[in-house]
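K.L.:
Structure for the following, please:
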Amino acid sequence: MRVKLRNPDRELHVAGPRKVHDVLIELGVDPDTVLVIRQKALITREERLADDDEIEIRPVISGGSNPGMKCKRCRGPAVIEVRRHNASFCQECFEHHVREQVRRAIKSHDMIRPGDRILVAVSGGKDSLALWDVLLELDYRVSGLYLGLGIGEYSDRSGDVTRAFAREREAELIEVDLRADYGFDIPTAGRTGSRSTCAVCGLSKRYVFNRTALEHGFDVVATGHNLDDEAATLLGNTLRWDTEYIARQSPVLPAREDGMVKKVKPLYRLSELETAAYSFLRGIDYVVEECPLVAGNTQLRYKEAMNAIESRSPGTKAQFFMGYLDKAAHLFSSEDRATLTACEECGQPTTGRFCAFCRARAQVLGRTLLAPEDLQTVGELSEEVLPAELYGTADRS
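P.N.:
The predicted structure is shown next:
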């Protein structure tokens with residue numbers, strides 16, 4: 001049989017007939033981290049494959065339920081298994097399950113209020129498109145924001161997928177291009193700046209999301225962070241005992257009158273497996289490939305560690321992160337918040353004279369920001385791993 005493996009794409013020929021589960025074992029693939037597709041339909045891990053079958057093994061998606069399993073909700077034939085819930089679902093009930101988890105997340109943390117305008121940060125991946133789809137299905141006032149990062153064919157494909165999604169649903173899509181609007185792209189920033197590629201990418205996204213929401217009058221910015229993302233982030237912050245970041249990890253970051261729009265994560269109750277399966281079953285075309293610049297990202301190592309534990313103890317990720325929210329988050333929270341002022345370069349909120357984005361952008365473009373008023377400011381800026389020369393020189397006389 002012919003087997004197409006995704007991310008990276010490659011094809012293999014495997015002898016048959018045999019069960020899907022046996023093929024996955026031979027290929028060294030964890031059945032709980034993939035979806036197996038034959039003729040555009042999900043098949044279970046116990047399905048028997050013929051020698052002339054063609055299948056696709058797509059990563060980070062659940063592999064379906066055992067034959068004969070019934071849907072937990074309607075008792076009809078199941079098509080997907082969610083081991084951490086010890087449950088299987090038919091397609092209709094699984095889609096209901098996903099929407100219900102989003103509803104519960106929104107209600108329990110007062111994420112969205114009646115009349116709010118929501119801006120979903122969309123990348124072309126499964127999580128952000130699934131979130132946009134769910135919020136549209138729930139009749140929220142929601143638009144999409146796509147940020148072009150300039151990462152070659154990967155960004156081209158991401159943009160095309162996002163635009164097609166918006167057209168199909170007649171939904172508003174706002175586009176920002178990093179190079180056209182700010183003079184640099186992520187590959188260039190990674191080569192010339194002092195921050196890592198992923199760091200400057202994350203910084204740019206946070207800046208553009210907040211600025212665009214403010215300029216267009218949105219009340220809430222929603223991102224597609226899922227349970228896997230949150231559990232991996234919490235693991236990394238806990239291993240380093242980075243209490244400042246632990247304290248800020250929440251499904252909701254409230255709005256601030258000094259220029260910060262409310263940020264929410266409605267998918268935090270859903271695993272990566274569930275969002276990917278939802279996207280597939282809803283017929284959402286999304287970018288399966290990982291960003292080509294993500295190799296070596298520390299976050300991926302934390303995800304791998306959590307996946308290894310989850311494969312043996314389903315539900316560990318949920319227990320870890322939900323337990324933190326219920327029992328420990330208040331221990332790290334603090335009412336002390338830094339005073340924000342307008343960045344002297346762009347006007348966006350910051351704790352210093354210049355925001356982190358403008359500092360990073362200045363270094364990438366080789367520009368000098370306004371001269372600091374005194375040597376103390378130069379020193380403070382230099383401590384942020386960016387050279388003091390970027391900011392000009394203070395008058396020492």
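K.L.:
From now on I want contacts and neighbour counts done on CA atoms only, so please keep to that.
P.N.:
Noted.
K.L.:
count of neighbours near the nearest residue to P8 once chain neighbours are set aside?
P.N.:
In space, and not counting its chain neighbours, P8 is closest to E289: 7.0 Å by CA to CA, 6 or more residues apart in numbering. When neighbours are defined as other CA atoms under 10 Å, E289 has 16 of them.
K.L.:
what about E289, which helix or strand?
P.N.:
Here E289 is covered by no helix or strand, with elements defined by DSSP states H and E.
K.L.:
which residues touch it?
P.N.:
Residues in contact with E289 (CA atoms under 8 Å, 6 or more residues apart in numbering) are R6, N7, P8.
K.L.:
and it, what pLDDT?
P.N.:
Note on E289: pLDDT of 85.
K.L.:
rewinding a little: tabulate the contacts of E289 (a markdown table), appending secondary structure, pLDDT and neighbour count.
P.N.:
Formatted as a markdown table, the contacts of E289 follow (DSSP: H, G, I helix; E, B strand; the rest coil; pLDDT from 0 to 100; neighbours: other CA atoms under 10 Å):
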| residue | secondary structure | pLDDT | neighbour count |
| --- | --- | --- | --- |
| R6 | coil | 81 | 15 |
| N7 | coil | 73 | 11 |
| P8 | coil | 72 | 9 |
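K.L.:
closest to A231 among the residues you listed?
P.N.:
Closest approach between the contacts of E289 and A231, by CA to CA: N7, at 22.7 Å.
K.L.:
Need the phi and psi values for the closest residue to the closest one other than its chain neighbours.
P.N.:
Spatial nearest neighbour of N7, excluding adjacent residues (CA to CA, 6+ apart): E289 at 5.1 Å. Per-residue torsions, E289: phi -70, psi 150 (degrees, to the nearest 10).
K.L.:
how about the spatially most central residue of the chain, secondary structure?
P.N.:
Averaging the C-alpha coordinates of the chain gives a centre point, and the residue nearest to it by CA atoms, centre = their mean is H225 (4.2 Å). Three-state assignment for H225 (DSSP: H, G, I helix; E, B strand; the rest coil): coil.
K.L.:
Pop the domain breakdown of the chain in here.
P.N.:
Using automatic domain parsing, the domain parsing of the chain gives 2-89, 98-332, 341-391.
K.L.:
May I see the buried residues of the longest strand anywhere in the chain?
P.N.:
For the chain, the longest strand by residue count, based on DSSP state E, is strand 141-148. Using 16 or more other CA atoms under 10 Å as the burial criterion, the residues of strand 141-148 that qualify are V142, S143, G144, L145, Y146, L147, G148.
K.L.:
List the strands paired with it, with their directions.
P.N.:
In the sheet, strand 141-148 lines up against strand 117-122 (parallel), strand 173-177 (parallel) (DSSP bridges).
K.L.:
pLDDT averaged over the first one - what is it?
P.N.:
Yep, that's strand 117-122 we're talking about. Strand 117-122 shows a mean pLDDT of 98.
K.L.:
for the stretch 51-200 of the chain, which spans come out with low pLDDT?
P.N.:
Applying pLDDT under 70 to the stretch 51-200 of the chain flags the ranges 60-68, 193-194.
K.L.:
at 50 instead, please
P.N.:
61-65 (pLDDT under 50).
K.L.:
All the strands of it, in order from the start?
P.N.:
Secondary structure of the stretch 51-200 of the chain (DSSP state E, counting those that start in this stretch): strands at 54-59, 80-82, 87-89, 117-122, 141-148, 173-177.
K.L.:
burial of A362, as a residue count?
P.N.:
By the criterion of other CA under 10 Å, A362 has 17 neighbours.
K.L.:
my guess is it contacts F354, does it?
P.N.:
No - look at A362 against F354 with CA atoms under 8 Å: they stay out of range, at 10.5 Å.
K.L.:
Give me the contact list for stretch 118-136.
P.N.:
99, 102, 140-147, 158-159, 161-162, 165, 209, 213, 218-226, 266-267, 272, 275-276, 278-279, 284, 286-288.
K.L.:
Adjacent strands (with direction) for the helix or strand harbouring L35?
P.N.:
For L35, the host element (DSSP H and E) is strand 34-38. According to DSSP bridges, strand 34-38 has the following sheet partners: strand 41-42 (antiparallel), strand 54-59 (antiparallel).
K.L.:
Tell me which of those strands sits nearest to G259.
P.N.:
Among these, the nearest to G259 by CA to CA is strand 54-59 (39.1 Å).
K.L.:
Mind listing what's buried along the closest one?
P.N.:
Buried residues in strand 54-59 (16+ other CA under 10 Å): I55, E56, I57, R58, P59.
K.L.:
Farthest pair within those residues?
P.N.:
Applying CA to CA across those, the maximum distance is between I55 and P59, 13.0 Å.
K.L.:
Need the distance between the two termini of stretch 275-293.
P.N.:
Stretch 275-293 has its terminal residues 23 Å apart, counting by CA to CA, to the nearest Å.
K.L.:
chain center to that stretch: distance?
P.N.:
Per CA atoms, centre = their mean, to the nearest Å, the displacement of stretch 275-293 from the mean C-alpha position of its chain is 12 Å.
K.L.:
Pull out the buried residues from it.
P.N.:
275-281, 284-289.
K.L.:
So H21 sits against E46, correct?
P.N.:
Yes - counting by CA under 8 Å, H21 touches E46, with 6.1 Å between them.
K.L.:
Pipe the strands paired with strand 34-38 into JSON lines and attach distance to A180 per row.
P.N.:
Listed next are these as JSON lines, based on distance: least, CA to CA, whole Å:
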{"stretch": "strand 41-42", "distance to A180": "41"}
{"stretch": "strand 54-59", "distance to A180": "34"}
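K.L.:
Out of the ones you listed, the one nearest V79 is which?
P.N.:
strand 41-42 (7.0 Å).
K.L.:
Next SSE downstream of the closest one?
P.N.:
Next along from strand 41-42, by DSSP H and E: strand 48-49.
K.L.:
Tell me the helix or strand right after the lengthiest helix in the chain.
P.N.:
Longest helix of the chain, by residue count under DSSP state H: helix 197-216. Following helix 197-216 in sequence order, the next helix or strand is strand 220-222 (DSSP H and E).
K.L.:
Return the helix or strand following that following strand as PDB; C-alpha atoms alone will do.
P.N.:
On the C-terminal side of strand 220-222, the closest following helix or strand by DSSP H and E is helix 227-239. Provided in PDB are the C-alpha atoms of helix 227-239 (Å, rounded to 0.1, in the frame of the first residue of the first chain):
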ATOM      1  CA  LEU A 227      -4.400  23.300  25.700                       C
ATOM      2  CA  ASP A 228      -1.100  21.900  24.300                       C
ATOM      3  CA  ASP A 229       0.300  25.400  23.900                       C
ATOM      4  CA  GLU A 230      -0.700  26.400  27.400                       C
ATOM      5  CA  ALA A 231       0.500  23.300  29.100                       C
ATOM      6  CA  ALA A 232       3.900  23.400  27.300                       C
ATOM      7  CA  THR A 233       4.300  27.100  28.200                       C
ATOM      8  CA  LEU A 234       3.500  26.500  31.800                       C
ATOM      9  CA  LEU A 235       5.900  23.600  31.900                       C
ATOM     10  CA  GLY A 236       8.700  25.700  30.600                       C
ATOM     11  CA  ASN A 237       8.000  28.600  32.900                       C
ATOM     12  CA  THR A 238       7.800  26.300  35.900                       C
ATOM     13  CA  LEU A 239      11.100  24.500  35.100                       C
END
